[in-house]
Structure formats: structure tokens, C-alpha cells
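Q: What follows is a predicted structure for the sequence shown.
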2 protein chains.
Amino acid sequence: MASTNCRVVNGAEIAKPLLEEVRAGIKELNHAPRLHGFLANGDPAARMYADWTAKTCAANGVQFTLREVDAEDLEEELRQANRSDEVDGMIVYYPVFSSQRDRTLQWTVSMFKDVEGLTPQLISNMYQNIRFLDPDNTMKSILPCTPLAVIKILEHLHIYNHFLDEGKRLFGKRITIINRSEVVGRPLAALLANDGAEVYSVDVTGVQQFSRGSGLKKQKHEVADKEGWTLKDCLPISEVVISGVPGDKFRVPTELIRDGAVCINFSSQKNFADDVKEKASIYVPAIGKVTIVILMRNLIRLINNMPHAERQQIF
Amino acid sequence: MASTNCRVVNGAEIAKPLLEEVRAGIKELNHAPRLHGFLANGDPAARMYADWTAKTCAANGVQFTLREVDAEDLEEELRQANRSDEVDGMIVYYPVFSSQRDRTLQWTVSMFKDVEGLTPQLISNMYQNIRFLDPDNTMKSILPCTPLAVIKILEHLHIYNHFLDEGKRLFGKRITIINRSEVVGRPLAALLANDGAEVYSVDVTGVQQFSRGSGLKKQKHEVADKEGWTLKDCLPISEVVISGVPGDKFRVPTELIRDGAVCINFSSQKNFADDVKEKASIYVPAIGKVTIVILMRNLIRLINNMPHAERQQIF
């Protein structure tokens, strides 16, 4: 195969400096962070992810406990873990019921133990561009792992322009995100738009634009439907393309990608064809190793927030 | 006036770190660098520039001598200066004859004393993307001052992506340059395209595209005419707009500039209207202070090249 000018960057390379930061953070704690994973489905993919979490935690001084429970008992187990001094953070392997009932489970996890950042107040803070949990700005809000992993990747790749002020560092960038799920695609679109990007959020129902208006006139993002738009309209004008479509059928059409674009795949399958390297300046084929470091990073943040929470009797 | 999200960056801010580098370079030399300026026209703008050069040189330990000579005597004066051990670098204030004869003057200046980088071999190196004067890579080629100043500005603003390898750091960037003069616009277009950008070079005759082809397939830039293209086609797709149209009549149409673009003016007049700040993420209104530092930087480079030139008996 002919050599290309595309730089292929693997997750481990990007995870490395973040992992060093996490290890330094763990050293400063009084005790090894204790993460509890709740597995209540027979999904082999979920078990694989749990095993991987266990391995990474063990390698970095995080005490991980996998708890296999019956789906009907899960809500009560989560409540007990919320109250337990032995649990610093919790992760639930979804889907459990594959229905709206999963949302009730997300709401059950205490926001002070939610490493995934899926509880309603955390989600609401994120969409509102509120970075702290308290008025004194002592407790940092928790961002969902995969969207935050993508942000850290874009920072690593210098797509965030640090010459500009925080909150404006993506000003002038157009980003297509193919996936508008509540756990990744939609929060990611909001976060990138809050940082100044013009985001085209694409799913089977169509295209939505997340932006802060011309000249970043608005303080937080707004969403508008792009009637009649498809990938044909978004991709040729986007400097960054982020795709996370489940299954092995979907491929981002390489011919629509603009020359020199940055392409990031967060699907467990390959959303980009091999010839993406003929077009892209940078291609990140998988991000799982970054996401798991962010999970540990969130866990440390929860522990550091806790004394403040107790002092303020929020908890 | 309403506040905007545009960061206005003045030349002095960008020149500062470059100036520190130049001062450190001067300290390491055996003697104060000696720059001779040749003024052979009655142009008040040229005299102002000469006075400004004198002032900046004096402030930074460069010995500047302004030599006012008759236009007809200039060629012989330049020849003498080429041979003189008392002259490290030369600058000629153009235009002298305002005709093709000025080109003969440019060719007269020795390439080993040409701070402006306008002698044929230096120009040829630049277009060919050749960075050194000798096969052993000991003598760095000299780039023309204003184009190099623009490159240093784009590096300062993080438009060059240092995550990518040298020579590819503008891959994915589209840049419009309004000016295709032989001393600034055309060399600048070539340099930026050699670094991976897709450049739209605009003048009254039309638009040319300088690029290394899809996926940077070519090792150096190629030029193609863009039949029928105007600013209406270039500006809305360009992340960077660089303008240097002389006189006070021309304005870049703000409504065509894309949201979040980086705008740089190298004309002595204002090529951008005030409302550019409503659109741009970064606006650099003037670059003269950077250009003059580059002039001194080139002078140091010439002095450092000289022992190599003598050793190799090129001179």
C-alpha cells in the first residue's frame, strides 16, 4: 500500500499523559480509590468491558469490585452503595432493562458517586455550561466519560487552540458528529459547541446544528434543525469528523471527507474505511483506552469533591 | 461598541519572543552585526521605513548605516559592499527605478549578504522547498522577510499544528492571500502550500490555487488557475485570510469571511473593515514590527553562515 501523509494515532498514545496525571492524583489520596461495577445483564460485551475496567484499575492502584446482581435487585443495591462509606464511585453496565427503566437506574446513582456523569444534575450542568457543583466553585462537576475522552483527544491533537481563551478554543472549527445518543453524541455536540465549535449532529432522523451563533454571540449553545441536510452537506465543510455508529454496516463515505480532516472513531466497530488515510491529516481508530482513563480521573475528582460535600452538608 | 469574541493581536506582542531570540543570537556573535541600508529614491515612505529600521537596530545592538546614493551609482555601491569585510548584510529600499532594472539590482546583492532573501538562488530555493544552501545542511537558506514574518505569526497563533510533522503542519487549512506580488504574495503562497495548506492566491487577474494535491501527494506545491473564481468562492471556505493590497480603497468584504476565521493585514493601509471583529476569531491589523525583527534574524543567520561559506570557498 502506498504511504500516506495521514498520522494514525492510537488511544494508548493519547492516554499516556492523562494516565500519568491520574497516577499522580491517586498518590495524593488517603486510600486507594474504590470503584464498584454493577453487572446485571448477560451481555458479553458488557462483561468484556467490565473485565477490561478491572484490569486497568488493578494496574493503576484503583480497587475495583465487580458486583453481579439480578436486574430486579439493582436499584436497591445502588441505594445501599450510595450510603456506603466503602464505595467511592459506581459504574452500571448498561443496558440493563433496555427500556426507559434504565433511566430510573441512572437517576438512582448519587451524583457524588457517579463516575459516568449520567445523573440528572450533572447532565443539566453540562448542557448549561456550568462547570462547578457549588456556588464557591470548590466542587468540579463530572462530565460523561466518552464525550470527555473525545475532548481530551481533540486537545491532545491541538484542535483546541490554546492561543484563544477558554470557552472559545474551538471558534472557527466545524465538526460533524455521527451519533446523537443521550450518553455520547448529544452531550458531545453540546460540549464542543459550548467551546465555540459549529457542530453538525447527524443521526438517521437528520442533521441538527449546535452553535453559539455568529461571532459566538450566545453564551451557551443553541440547537437548530438543518432541514434537508445530509452527510453530503456536513462532511465537505468539516475539519473534524467524529463517528460512533454501532454495528459493522455503516461507513463514513471517504469521498465526502475534506482533505486534511481529523477523523475519530468511537464506535467499537470500524466506522471509517481504510482509505480514510488517503484524505485525513490525523486518524484515531479507537478511543476506549482514553475513556477508561477518564473513568479513573472522574473517580479521583469524586473523592476530592467529597469532603466539600460533607462540609457543606449537601450529602 | 458591543464587545466581540475576536482577539485583536498587535505585531509587538508577536514580535516579543522573536526579538528575545534575536537578542540572544546577537550576544553570541563576535561583533555587533553591521547592516547597510541603501536609499536611492526620494520616496518619503522608504525614508520612514529606513528611519524605523535604524531605530530598531540601535535598540537591539545592530549597527545600521544608512547610505544615500544616486540611483545610477547604486549597482557599483552594492558590488563594493559585497566585497567589503565591514558589511554583514544589505537592504535596498525599493523601488529605485520602478522598472525591470530594479530586478538587476536585486541580482547584484550577494546571496551571502541579502537580508531580504530576494537574490535568485534564495528565491529559487524557496519555491523548490529547499531549506539549506549546501549539501551538508550547514548553511540555512534565507527567506524573504515579510512572508517569513507571516509564517512566524501563524505559528504564534497556533495555526501551524505542531502535533503534525514539519512540512505538514498546515495540512487541512485553506488560506486566502489577497496579493500576488513577487516580493510577498507569491512567495508566501508557495511557502504556505509547501507546509501543506491549500492556498487561494488572489489578485486583479483572478485566483490561483497553490497546493500539494489531495492527501499532500506532491512533495512541493503546484499552481493551478481557478477559472471563474473570485473572493466569493475563496473567502467562505478559508480559515485564514491574509490581505496586502496597497492603497486605501480596497476592503475585504466582511460578509464573505467565515465565522471564526483568522485575519491578517500586511498592507500599510487597513484592508479589513472594523466589523471584521464581528466575524474573526483572531485579527492582526499590522505586521511591520514582526517583519523588522525577521530582518535582524536574517542578518544573524547570514553572519552564522559566513564561516561555512568561507570554509567551503563558495564565497
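A: It's in. Residues are numbered from 1 along each chain as shown, chains lettered A, B, ... in the order given.
Q: Run through the residues of the stretch 151-300 of chain A sitting next to chain B.
A: A:156-158, A:161-165, A:168, A:171-173, A:196, A:198, A:214-216, A:237, A:239, A:258-262, A:278-279, A:281-282 (Cβ under 8 Å from any Cβ of the partner chain). C-beta here means a position set from N, CA and C on the backbone, and glycine is covered the same way.
Q: What's the PyMOL syntax to select whichever of these are buried?
A: Entered in PyMOL, the line below selects the buried ones among these, by 16 or more other Cβ atoms under 10 Å in any protein chain shown:
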select buried, chain A and resi 156+157+158+161+164+168+171+172+173+196+198+215+216+239+258+259+260+261+262+278+279+281+282
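Q: Could you tell me which of the residues of the stretch 151-300 of chain A next to chain B are located in helices?
A: Where those overlap with helices, as defined by DSSP state H, the overlap consists of A:His156.
Q: how about the helices of the stretch 51-200 of chain A, start to end?
A: A:74-83, A:101-108, A:120-128, A:145-156, A:185-194 (DSSP state H, counting those that start in this stretch).
Q: Need the winner for burial among those helices.
A: Among the helices of the stretch 51-200 of chain A, ranked by average contacts under mean count of other Cβ atoms under 10 Å in any protein chain shown, first place goes to helix A:185-194 (a mean of 24).
Q: which outside residues touch it?
A: A:123, A:126-127, A:129, A:143-144, A:146-148, A:150-151, A:154, A:167, A:170, A:175, A:177-180, A:199, A:201, A:203, A:208, A:210-212, A:220-221, A:242, A:244 (Cβ atoms under 8 Å, 6 or more residues apart in numbering or on different chains).
Q: Switch the helices of the stretch 51-200 of chain A over to TSV; also include mean pLDDT.
A: Listed next are the helices of the stretch 51-200 of chain A as TSV, based on pLDDT from 0 to 100:
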stretch	mean pLDDT
helix A:74-83	95
helix A:101-108	90
helix A:120-128	90
helix A:145-156	97
helix A:185-194	96
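Q: Same list (the ones you listed) but as CSV, adding distance to A:Ala12.
A: As requested, the helices of the stretch 51-200 of chain A are exported to CSV (distance: least, Cβ to Cβ, whole Å):
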stretch, distance to A:Ala12
helix A:74-83, 31
helix A:101-108, 30
helix A:120-128, 27
helix A:145-156, 12
helix A:185-194, 21
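Q: Counting neighbours, what do you get for A:Thr4?
A: Neighbour count for A:Thr4, taken as other Cβ atoms under 10 Å in any protein chain shown: 17.
Q: which secondary structure elements does the helix or strand in which A:Arg297 is found contact?
A: Assigned by DSSP states H and E, A:Arg297 belongs to helix A:288-311. When contacts are defined as 3 or more Cβ pairs under 8 Å, 6 or more residues apart in numbering or on different chains; DSSP states H and E, helix A:288-311 sits against helix A:11-27, strand A:34-39, helix A:44-59, strand A:89-92, helix A:145-156.
Q: who's in contact with A:Gly61?
A: A:Arg23, A:Ile26, A:Ala32, A:Pro33.
Q: Filter those down to the buried ones and hand me the PyMOL line.
A: Listed next is the PyMOL selection for buried residues among the contacts of A:Gly61, using 16+ other Cβ under 10 Å:
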select buried, chain A and resi 26+33
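Q: In strands, which of the residues of the stretch 151-300 of chain A next to chain B fall?
A: Taking DSSP state E as the definition of strands, these contribute A:Glu198, A:Val262, A:Ile282.
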